[in-house]
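>>> Pasting the sequence and the predicted model now:
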Amino acid sequence: MRAERLGAISGLVNKMPDALYIAFVDSLLVEVKGLILSIVAVTSAGIATAIAAHSVSLWICTALMLLVSLIRLHVMTLHARSRPSPNVAVARSRETKFVVGAVTYMALMAIWTLVAFWVTDDGFTRFLTAATTIVYAFGMWTRSFAIDKGINAQIIAAFVPLSAAMVVGGGWYPLAILVGFIPTFLFIKASSSRMKANFLAEVAARHQVAMLAGRLDTALNNMSHGLCMVDSEGKLSLTNNQVLRIFGLSEKEAHVGADLRSILRSLVRKGVLARSEFKRLSQALFRNTNRDFVVPLETRDQRALEVTVQRIKSEGTVVVIQDITERRNAEAAIYRMVWFDPVTGLPNRRRFEQELSKALLARQSAGNNGAILFLDLDDFKQVNDSLGHARGDKLLIAVGDRLRSAVEDKDVVARWGGDEFAILLPSREDAHDPSCKAERIIAEINRPFQIDGYEIIIGVSVGVAKLRRDGLTLETLLSNADLALYAAKEEGRNRWRSYEAQLGLNAQSRRTLEIDLRAAIANETIEVHYQPINNAATREIVGCEALARWDHPTRGRISPGEFIPIAEELGLMDALGGIILHRACEACASWPERIFVAVNLSPLQVRGGRVANAVKDALQSSGLAPHRLEVEITESTILHDLPLTRQTLRSIREMGVRIALDDFGTGFSSLSYLHTFPLDKIKIDRSFTIAMGSDQRASIVIASVAGMCKMLGMDVLVEGIETERQMQFVDGLGSVAEVQGFLFSPAVPEKDIRAMFESAVQRKIA
Ligand code: C2E
Ligand code: CA
Ligand code: CA
């Protein structure tokens, strides 16, 4: 085992790592004090012998020894200035200088002894020189054992002159001493190699320790966390650079042995830590317990730290400090993304639902007057379209601000999406009616907004649902608030509406109606009935107005006044209008030549422009002559005097189809378009007919409009004639061309209208 270790170490010597070799050479050259002592001792012995023997040769020997000593001392001081050697080459040259010096000195001392034996037989001189040299040699060998080449040379340098001195001494006993020297030398040589091995092992171990310490140091200072160790008295026993960096401490402040409590206090003084944070940290650090702690800390400059305090049995505490600012910021960003609306910064829909769920749970114990408000900005789309999305966003932000200022802190204002917002008014004892809140909010939003120099005025519709009364679950509350909002919009916008059970029924029936209407249009189960139009003078049927009829399987007949607007909203008006046009043209094509058909066009059909093609298709497929088709448009169609509308009407008229203005007198009744639009006929609305005869003003309007139209070359039709009296009044006007009303017939199925033509013909023949 021991031999093995020695073998390993001699292997180490032969192929010593550079750093180890340099350390080893260093160890040879650092013993300056020992050298000075030996100079003093040897020089005084030299002087004493020279004086005792009155010998010049001994003076010379002493001088030479002193000279070599001083040179060696010089070499050592030079080394001391730059130790250890910067590289292996320098180390090697220094080692050589050391060896040469040591061997020369040893040789000089042995020669000094030889000279003493030669020049005198004085017992004192001989004893002093021999003893000094032998003592020095033993000392030197044991000290210089490490040098392989040196030790042999030193032994030879000492042995040869000493042996010669014995021979010079004469007689048999010096020879016996000489013989006795040999095993001693051999013993020294052997033990010096062993000591050399031990010495090298020691140097290697020291080197290893220094290397490990260096590595640990590198590891400690390159870890991302701050780390320090505190002993059981609260003094620092280790810190790494990160601790200094995190707290802005200097090495001097956080030196080994510094008191941790006073360091923390200095951090409070410097404004790195708040006093409250200092307290929490001290508690965790100095509490007398074996538990470990994790203390979250926030520095004054808003960095987040996580301090882990770990006790080591009886040895103190390890403190690990982690800067988690980035992690915390990332978490905060994710939190914002998940729970808040990026445009307005308000809570988003998810957050609102969460808060509402909480309020619903809390409601059972607290007062029960909480409510939710659903808000929809009126005409926000127009702002977006005309001023751009960036300004639209600014408006949303401004609306969010006003909503926040209109409610209390504990109320939740959320952006629901698009131009919709939601407000939760949680239960409270002192609550006013939520409708007051709704009114206040509407007033706030109605105040003009200033966005990029534009003054924007918008309205808002609000639906209110009360927390217990209008729903016990999240889903029902939300959908009921939505129904109330829908109702507020239906009633004309910029107003609020509370939820009522009736709204739910309406909405429900409306939804099934929509589904059924889609199916009816797709399956073409919508029928067309015809109401006769009669010549005012002869009362003969001259045409028929096509009127859509929908017989719902469960609800019975549904009025076109109800389902036509739904078809318009669902975007089905083109399809439905196309079906009616085809049916009407086909029917009319089979009627007597003198009869025309009138078809109602919805404003949406005309505005889209596609109706011109639909009219053309219907005429072509039915083969009906264009002059037998009349289309009825309303004032609202004309009011949207878009170039496309005008163009569409013109192209229809160019086909030879006539255009009638329906419901005249109910809308804006601007006379100006009567001559600017290509109209062939005016249909005076039924409301005038009702007032006819009794209300003088109505009579005057009918009379004058009828007269004016006649002059402009347009025919006049009076709608809704129900009584003979009304008919007589029309007769009296003289300027009315056609009449229509229940007096003659309501709208009837196609087969029935045929029978009427027949009977009219019969009557004429009769
Ligand atoms: P409108 O175009 O003014 O049609 C005349 C409406 O008055 C019809 O109601 C007709 O039945 C009714 N009526 C006719 N004479 C009298 C009368 O003497 N007394 C009374 N009280 N009412 C009379 P209807 O069929 O319910 O249609 C209502 C409205 O629905 C129509 O008003 C029209 O605007 C729209 N409509 C009907 N069918 C169509 C269609 O195929 N396409 C489009 N776009 N709209 C249609
Ligand atoms: Ca009509
Ligand atoms: Ca009408």
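In hand now; what should we look at? Numbering: from 1, shown residues only. Ligands and ions are numbered 1, 2, ... in the order given.

>>> who are the neighbours in contact with the residue of the stretch 351-500 of the chain found nearest ligand 1?
Nearest to ligand 1, among the residues of the stretch 351-500 of the chain, is Glu490, at 19.4 Å (C-beta to the nearest ligand atom). In short, each C-beta sits where N, CA and C put it, glycine included. Residues near Glu490 by C-beta atoms under 8 Å, 6 or more residues apart in numbering: none.

>>> Renumber starting at 40 from here on
Yes, from this point I'll number from 40; that puts the last item at Glu529.

>>> phi, psi of it?
Dihedral pair for Glu529: phi -60, psi -40, per degrees, to the nearest 10.

>>> Scan this structure for its longest strand.
In the chain, assigned by DSSP state E, the strand with the most residues is strand 580-591.

>>> Check which residues of it are buried.
Applying a neighbour-count criterion of 16 or more other C-beta atoms under 10 Å, the buried positions in strand 580-591 are 580-587, 589.

>>> does any part of it sit near ligand 1?
Yes: contact of strand 580-591 with ligand 1 (C-beta under 6 Å from any ligand atom) involves 585-587.

>>> partners of that strand, with directions?
Strand 580-591 has the following strand partners under DSSP bridges: strand 566-574 (antiparallel), strand 595-597 (antiparallel), strand 635-639 (parallel).

>>> ok, it near ligand 3 or not?
No: using C-beta under 5 Å from the ion, strand 580-591 stays clear of ligand 3, with a minimum separation of 8.2 Å.

>>> That strand and ligand 2 in contact?
No: residues of strand 580-591 are not located near ligand 2 by C-beta under 5 Å from the ion, the shortest gap being 5.5 Å.

>>> Per-residue pLDDT of whichever residue of the stretch 140-289 of the chain sits closest to ligand 2, please?
For the stretch 140-289 of the chain and ligand 2, the shortest gap (C-beta to the ion) falls at Ser263, measuring 81.7 Å. With respect to pLDDT, Ser263 has a value of 85.

>>> repeat for the one 5 residues further on
The predicted local distance difference test score for Met268 is 90.

>>> Tell me how many other residues crowd the residue of the stretch 140-289 of the chain closest to ligand 2.
Other residues near Ser263 number 7, with proximity taken as other C-beta atoms under 10 Å.

>>> That one and ligand 3, how far apart?
Using C-beta to the ion, to the nearest Å, Ser263 is found at 83 Å from ligand 3.

>>> State the next helix or strand along the chain beyond the helix or strand of the chain with the lowest mean pLDDT.
When the helices and strands of the chain are scored by mean pLDDT, DSSP states H and E, helix 41-53 comes last with a mean of 42. Next helix or strand after helix 41-53 toward the C-terminus (DSSP states H and E): helix 57-68.

>>> Buried ones in that next one, by neighbour count?
Going by 16+ other C-beta under 10 Å, helix 57-68 has these buried residues: 59-65, 67-68.

>>> Show me what from the stretch 640-789 of the chain comes close to ligand 1.
For the stretch 640-789 of the chain, the contact set with ligand 1 under C-beta under 6 Å from any ligand atom comprises 640-641, 701-702, 725, 759-761, 779-781, 785-786.
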